[in-house]
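Asker: Quick one, structure for this:
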Amino acid sequence: DPELSFGTVALPDSRQVIGFELKADYLYAALWNPENANFIEPIPLAEEEGADEKLSRPKMSVDLLVFDVSNLPNISLVGEESAELSEGNYGYYGADLQALWPSDDVLVWAGGGFGGLWRGGIGGIAIDADIARGDVWGPWWGSNGRERLLAFDVADPAAPKLASQVNLADEGQYWNFSDAFEVNGVVYLSHQSSEFIPDILLPGQRKPKPVITIGENGEEIIEERPYGIWMQKYFLDVVDFADPYEPVIRPTVDIPGRLRGVYHQGEVIYTVGPHWDEAFQTSGREWLDVSAYDGVDVSLITSLDLRESWLRPFVVAESGAIYMATSNAERSSSALETWRLDEHGRLGRVTTQSLSLSSWELRIVDAQTLVVRQDQGFGVYDVSEAFEPKALGTTEQMGCLWLDMNRVVAGEGARLWAPVYDYGAILLLEGE
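Answerer: Okay, here's the model as predicted:
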């Protein structure tokens, strides 16, 4: 019965659950504990004493709880660690942490929330009240994405320890962090940032008129006004957790788009983004770019124009197989395609299977199963033979339930379960 709850554990009050991870006989839970969550720091007027002082920030922490689930339905708390966030970590409101395992004994939580601080306090009610009064939004800090990495040493589940914490957003004005990918103890992700390029005019633009003033002696002073463009660019972030207590952050490097996959021991990366010409113009179409990464620089190998489909979700498997769902503009024809990068650095389509409905999300579960989310249900495929996916079955969508594709799990007898938040779980595949 998907709605049957056979084990319950009471969690500490006032803490927000921001991540779960099941590994072997233990369930790891990340909880955010904002001390003074309703913190209000007024902005002093310029004439007030201390107006120039830096505003203080609320003290915040993330708690790791470790539960023994080896004897279900009995669930017991065996270990706990509280990690006070370092300067620059501003909160985990709305966070959904991603669990990574650089080694068997090291758990890294990747993620951030809508962290920040507004005038009038934190929370929707306070913000709405400020807007109604016509106040100006006050200081804001923080960002939203996978920029924060919290590493815990869980060699002894009964005594987990915070090993280190990294906030990549502190390295610069970075935003729009991608999902994180772990390969051989190294974590890969991407972000966006802006760069001002001077002395560039876009088509149709003209240089700004100079500013002309008269000097003290009546001479005419002509001052040329600066001009240029702001260019948003993507960058690769790489953090090596070979020593989780002293992680190494490699220098960032330009990449063509948002990181979507890593292959060949981290030496090949897959990104998606638009292409720009020499006049800084783009058609707006997205490209799948495959690039080589040597630890220092990135060089483009090949590209695939994604213009054939209005929506083209894909996922990269550990085997290097690329599973891609395609649909035409009218959504009258859909297919599941398998692609691979050959030894000559070319992308080629290996197989094509028709889909009854258009698809918009793909996930790989336990490296053996591919779940394809479609308009009115789900398709499940066996990908143990990486380049020959075999259909295992389909499941219809149950009403308006919002399924969490990130936490689909494989159960006994080849069953697939997916959580649906407050509604329990649904069975995607009956199994054997």
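Asker: where in the stretch 1-150 of the chain is pLDDT low?
Answerer: For the stretch 1-150 of the chain, the stretches with pLDDT under 70 are 1-7, 34-59, 87-91, 113-145.
Asker: show me where the stretch 251-400 of the chain has helices.
Answerer: Shown for the stretch 251-400 of the chain, no helices are assigned by DSSP state H, counting those that start in this stretch.
Asker: mind showing which ranges of it have poor pLDDT?
Answerer: Residues of the stretch 251-400 of the chain that meet the cut-off, pLDDT under 70, sit at 308-311, 328-332, 397-400.
Asker: would you list every one of the strands in it?
Answerer: Applying DSSP state E, counting those that start in this stretch to the stretch 251-400 of the chain gives strands spanning 253-255, 258-263, 268-274, 286-293, 298-305, 314-316, 322-327, 334-341, 347-355, 359-365, 369-374, 377-382, 390-396.
Asker: ok, and what's touching the longest one?
Answerer: What it means is strand 347-355. By CB atoms under 8 Å, 6 or more residues apart in numbering, the surrounding residues in contact with strand 347-355 are 288, 290, 302, 304, 321-322, 325, 334-342, 372, 374, 379, 387-389, 391. C-betas here are computed from N, CA, C, even on glycine.
Asker: Drop anything exposed from those.
Answerer: 288, 290, 304, 321-322, 325, 334-341, 372, 374, 379, 387, 389 (16 or more other CB atoms under 10 Å).
Asker: what residues are up against the most centrally placed residue in the chain?
Answerer: Centroid-nearest residue in the chain: residue 179, 3.1 Å away (criterion: CA atoms, centre = their mean). Counting by CB under 8 Å, 6+ apart, residue 179 touches 98, 110, 146, 189, 259.
Asker: As TSV, those residues with neighbour count, distance to residue 205 and secondary structure would be great.
Answerer: Formatted as TSV, these follow (neighbours: other CB atoms under 10 Å; distance: CB to CB, whole Å; DSSP: H, G, I helix; E, B strand; the rest coil):
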residue	neighbour count	distance to residue 205	secondary structure
98	19	42	strand
110	26	41	strand
146	25	36	coil
189	25	35	strand
259	25	32	strand
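Asker: and which of those is nearest residue 427?
Answerer: Each of the contacts of residue 179 was checked against residue 427 using CB to CB; the closest is residue 98, at 24.4 Å.
Asker: Surely the closest one touches residue 111?
Answerer: Yes: contact criterion CB atoms under 8 Å: residue 98 and residue 111 qualify, at 5.6 Å.
Asker: do you know how far the residue of the chain positioned farthest from its centre is from residue 210?
Answerer: Largest separation from the mean C-alpha position in the chain: residue 217, at 60.5 Å (CA atoms, centre = their mean). To residue 210, residue 217 is 20 Å away according to CB to CB, to the nearest Å.
Asker: quick revisit: can I get the strands of the stretch 251-400 of the chain in TSV including distance to residue 196?
Answerer: Below are the strands of the stretch 251-400 of the chain laid out as TSV (distance: least, CB to CB, whole Å):
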stretch	distance to residue 196
strand 253-255	15
strand 258-263	22
strand 268-274	19
strand 286-293	24
strand 298-305	22
strand 314-316	33
strand 322-327	36
strand 334-341	35
strand 347-355	34
strand 359-365	36
strand 369-374	40
strand 377-382	46
strand 390-396	50
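Asker: returning to that earlier point: now the contacts of residue 179 in TSV, with distance to residue 359?
Answerer: TSV is the format used below for the contacts of residue 179 (distance: CB to CB, whole Å):
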residue	distance to residue 359
98	22
110	26
146	24
189	25
259	22
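Asker: Contact partners for residue 314?
Answerer: Counting by CB under 8 Å, 6+ apart, residue 314 has contacts 260, 288, 322, 323, 324, 325, 339, 362.
Asker: Across the sheet, point out what pairs with it.
Answerer: Using DSSP bridges, the beta-bridge partners of residue 314 come out as residue 324.
Asker: about what we covered before: mind checking the strands of the stretch 251-400 of the chain for the one nearest to residue 165?
Answerer: Among those, the nearest to residue 165 by CB to CB is strand 258-263 (21.3 Å).
Asker: elements contacting that closest one?
Answerer: In terms of contacts (3 or more CB pairs under 8 Å, 6 or more residues apart in numbering; DSSP states H and E), strand 258-263 is packed against strand 181-183, strand 186-198, strand 228-240, strand 268-274, strand 314-316.
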